[in-house]
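K.L.:
Sequence first, then the predicted structure, then my questions.
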Amino acid sequence: MPIELLAVLFLTGMLIAIFIGLPVAIALGSVGMLGLLYVGGTRTLVIMTGSTALHELSHFGLLAIPLFMLMGAIVTASGIGSAITDVVTKWLHRIPGALHSAAVVSCALFAAMSSSSVATAAAIGGFMLPEIKRRGHNLRLGIGAVAVGGTLGILIPPSNYFIMYGVLTQTSIVDLFLAGIVPGIMITAVMVAFNTVLFWLRPGLNGEGGSEDVPTWAVKWASLRRAWTGIVLIAAVMGGISFGVVTPTEAGGLGAVLALVIGVTTLKTIDLGRLGSILVQAAQATSMMGFIIFGGLLLARASTMLNISGWMIGVITHSELSPWTVMLSINALLLVLGMFMDASAITMLAVPLLFPVVTALGFDPIWFGVVVAINMELALVTPPLGLNIFVLKAVSGATMRDAIIGTMPYAGLLFLCLGLILAFPQIALWLPGVLD
């Protein structure tokens, strides 16, 4: 069968499997297994499936995912996250649009402890949106701030996406983590600046309802004392990774243990009864992620054996398109896929196929990982799928129309930041270069 037809059937089968509603893991795995069956028959299928399960899933780097999942579950249950949100809200109260900016900064800090975008959006939305409603501030923009701020869980380490990308592409997970820090800070700063200018120009967005207590300095310092545990947790995990003291996997274990110790001994919000439910919650999330990774690895194996990436490189080379034309086309493709597919599905489908093409064109693999991450952030806030929008609609009780309208300005800011990172790769590559 011609390679062109194989490639079309391969990609079409993958998309159809996802669009008809098959779970992402089954869609990825079934198409990958059919590809392996076509290449070498039943024997190849059995051998490659077994070796993928035995060797690829035992990759030491993947162990970081359940550990960071556990850390995030403990942070949410222990109240560390709510303490962080409280201190940010009190210290930013003087700037225009303080609650909306506090929501964004809280998302960034919570992302550094949870590694999950949806969990970040749900947790911060649960804390902040009721307060925004109580004070009569603009709820639409509040939903947008949390929806897009929540996506920082993909970009700000520890990030499950970067772990998957690193394993799929054999790229340094530490360098990927470091590359996500400056873009994450930049996106946070851009959103805070937008809120400040918008609410300064249009003070009516603050509304007229609700009461607002102005915190005294004593209250501010008290909130900071309550939040010190979260600050220590972030510093221990990120500092350990950044300075090479621990690997990402060891940092996940350190973070989980430290969060548990804080919850049990310092905050006294976790007992043995709650610990059981936390472990079950983390295990369920990890199992789902593990099946998705397994399916994606099978798909990557089949793609390699069918030489689909090699065919794509050949087509692009002979088309005489410039590397930047190809890169912009890849981003356009990812944006379109993000409207209809889950971020994990896009990662496991697109990265194995596109990574060889991108590296063959001379682009930096670490930088490309950040570019894909921001595209995955956009996937979480782009209708009609937009998972974060659905989560926050449920949390806030707003209509879908209001949730989408409120999210679009912040999604535009995210798109602007993507353009900046495409134009200036050193935004992502500077910190890994400095700490190398």
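P.N.:
Noted; the coordinates are in hand. Numbering: from 1, shown residues only.
K.L.:
So what's the gap between the helix or strand hosting residue 295 and the chain middle?
P.N.:
In this structure, residue 295 sits in helix 272-306 according to DSSP states H and E. A distance of 15 Å separates the centroid of the chain from that of helix 272-306, by Cα atoms, centre = their mean, to the nearest Å.
K.L.:
same check, this time on stretch 118-128
P.N.:
That offset, for stretch 118-128, works out to 14 Å (Cα atoms, centre = their mean).
K.L.:
what does stretch 418-433 give?
P.N.:
Worked out by Cα atoms, centre = their mean, stretch 418-433 lies 18 Å from the chain centre.
K.L.:
before we move on, back to that, and the very next helix or strand once past the helix holding residue 295, which residues are buried?
P.N.:
Downstream of helix 272-306, the next assigned helix or strand under DSSP H and E is helix 308-319. Neighbour-count burial for helix 308-319 flags 308-309, 312-313, 316 (criterion: 16 or more other Cβ atoms under 10 Å). C-beta coordinates here come from the backbone N, C-alpha and C atoms, glycine included.
K.L.:
So which of those residues is the closest to residue 123?
P.N.:
residue 309 (38.2 Å; Cβ to Cβ).
K.L.:
That closest one is in contact with residue 358, isn't it?
P.N.:
No - checked against Cβ atoms under 8 Å, the pair residue 309 and residue 358 is beyond contact range at 10.1 Å.
K.L.:
tell me the phi and psi of the closest residue to residue 290 other than its chain neighbours?
P.N.:
Spatial nearest neighbour of residue 290, excluding adjacent residues (Cβ to Cβ, 6 or more residues apart in numbering): residue 57 at 7.0 Å. Taking degrees, to the nearest 10, you get phi -70, psi -10 for the backbone angles of residue 57.
K.L.:
For residue 57, give me the pLDDT.
P.N.:
On pLDDT, residue 57 comes in at 76.
K.L.:
List the contacts of stretch 300-311.
P.N.:
3-4, 6-7, 10, 31-36, 38-40, 48, 52, 168, 348, 352-357 (Cβ atoms under 8 Å, 6 or more residues apart in numbering).
K.L.:
Could you list which of those belong to strands?
P.N.:
Under the assignment DSSP state E, these contribute nothing to strands.
K.L.:
Now the buried members of these.
P.N.:
So, by 16+ other Cβ under 10 Å, the buried ones in the contacts of stretch 300-311 are 3, 6-7, 10, 31-36, 38-39, 48, 52, 168, 348, 352-357.
K.L.:
so where's this protein shaky on pLDDT?
P.N.:
Within the chain, the set of residues satisfying pLDDT under 70 comprises 1, 3, 207-213.
K.L.:
Can you tell me the centre-most residue of it?
P.N.:
What sits nearest the mean C-alpha location of the chain, by Cα atoms, centre = their mean, is residue 154, with 1.7 Å.
K.L.:
Can you point out the buried residues in the helix or strand containing that residue?
P.N.:
Assessed by DSSP H and E, residue 154 sits inside helix 152-155. Neighbour counts over helix 152-155 (16+ other Cβ under 10 Å) mark 152-155 as buried.
K.L.:
for stretch 423-436, same thing?
P.N.:
Residues 425, 427-429, 431-432 are the ones in stretch 423-436 that count as buried (16+ other Cβ under 10 Å).
K.L.:
what's the farthest-apart pair in those?
P.N.:
425 and 431 (12.3 Å).
K.L.:
Count the neighbours of residue 126 for me.
P.N.:
Around residue 126 there are 18 other residues, counting by other Cβ atoms under 10 Å.
K.L.:
Spit out the contact partners of it.
P.N.:
Here residue 126 is in contact with residue 395 (Cβ under 8 Å, 6+ apart).
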